[in-house]
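> Below are the sequence and a predicted model for it; my questions follow.
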Amino acid sequence: MQPVPFVIYADFEAITEKIDSCRPPDQKSYTTTYQSHRACSYGYKVVCHAEQIYSKPVQIYRGGNGKKDAIEKFIVKIFEEVKSCQKVMKKHFNKPLIMTAENERDFQNRTSCYICGEEYSDGDQFVIHKGKKIKIINHPVRDHCHITGKYRGSAHNSCNLKLRLEQEIFRIPVIFQNLKGYDSHFIMQKIGKMIEEKSICKSTLYQNKWGEIEESKQKIDISVIPNNIEKYVF
């Protein structure tokens with residue numbers, strides 16, 4: 001398991017606002033809503049664990065006084081950061097292998113794959129890739145980090161292919177403190193509306209026939225795992 005190239009750490013701050021309501025009759029039990037929580041600010045930081053030069057300073061936004069809604073602003077900014085990370089990966093995360101003499105000795109002396117731990121064998125001639133059985137020469141290869149160029153170890157060819165960074169489908173995790181218990185409520189209330197209004201969309205970078213990087217846009221599909229009717233995992 002390799003660490004993801006980029007992670008975004010984020011958090012919201014909220015204020016409570018009083019809700020004026022009439023008191024129901026005392027003859028029946030009731031629940032009175034007396035205040036609501038409104039996200040008023042956020043902070044986030046983009047971190048590249050492999051190369052700190054691609055990490056970014058902490059970004060802080062404080063709403064109020066006629067400024068844009070904090071949640072809407074946050075969602076738009078995160079999608080911009082994702083596009084920025086994708087461009088960095090496309091442009092810079094393709095470094096060639098850098099092998100030292102010690103690395104080469106390690107490769108020549110290895111008898112097993114450092115990824116799966118299995119001994120090398122000439123019997124493995126097929127591998128399942130994207131649901132299809134294909135013939136492959138599963139010989140040992142020099143696996144390396146495409147971000148730094150550093151040698152990582154001796155690996156099966158098939159294991160090495162599974163660690164490829166595919167920028168178009170790579171997902172950048174956004175980590176919150178207590179997301180499913182609190183912050184997700186703010187996001188869920190806003191993001192569905194923004195998707196329907198097409199103010200945010202999924203973008204994919206690709207190379208056209210002239211070698212230029214272009215962007216295609218598609219409607220976003222949101223997937224959540226409900227723990228219960230109030231808590232979700234994105």
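Noted; the coordinates are in hand.

> Give me the below-cutoff pLDDT ranges for this structure.
Applying pLDDT under 70 to the chain flags residues 1, 30, 34, 64-67, 122-130, 133-137, 167-169, 197-206, 218-234.

> Quick one: the helices in it, in order.
70-92, 101-109, 157-162, 184-196 (DSSP state H).

> Make TSV out of these and add mean neighbour count and distance to Thr31.
From N, CA and C alone the C-beta is placed, and that goes for glycine too. Conversion of these to TSV gives the following (neighbours: other CB atoms under 10 Å; distance: least, CB to CB, whole Å):
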stretch	mean neighbour count	distance to Thr31
helix 70-92	18	25
helix 101-109	12	66
helix 157-162	17	52
helix 184-196	16	18
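
> now the ones you listed in JSON lines, with distance to Val47?
Listed next are the helices of the chain as JSON lines, based on distance: least, CB to CB, whole Å:
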{"stretch": "helix 70-92", "distance to Val47": "10"}
{"stretch": "helix 101-109", "distance to Val47": "27"}
{"stretch": "helix 157-162", "distance to Val47": "24"}
{"stretch": "helix 184-196", "distance to Val47": "20"}
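
> how many other residues sit next to Ala155?
By the criterion of other CB atoms under 10 Å, Ala155 has 24 neighbours.

> my guess is Phe12 contacts Ala39, does it?
Yes: assessed by CB atoms under 8 Å, Phe12 is found in contact with Ala39 at 4.7 Å.

> Determine the residues that are contacts of both of those two.
Ala70, Ile71, Phe74, Phe186 (CB atoms under 8 Å, 6 or more residues apart in numbering).
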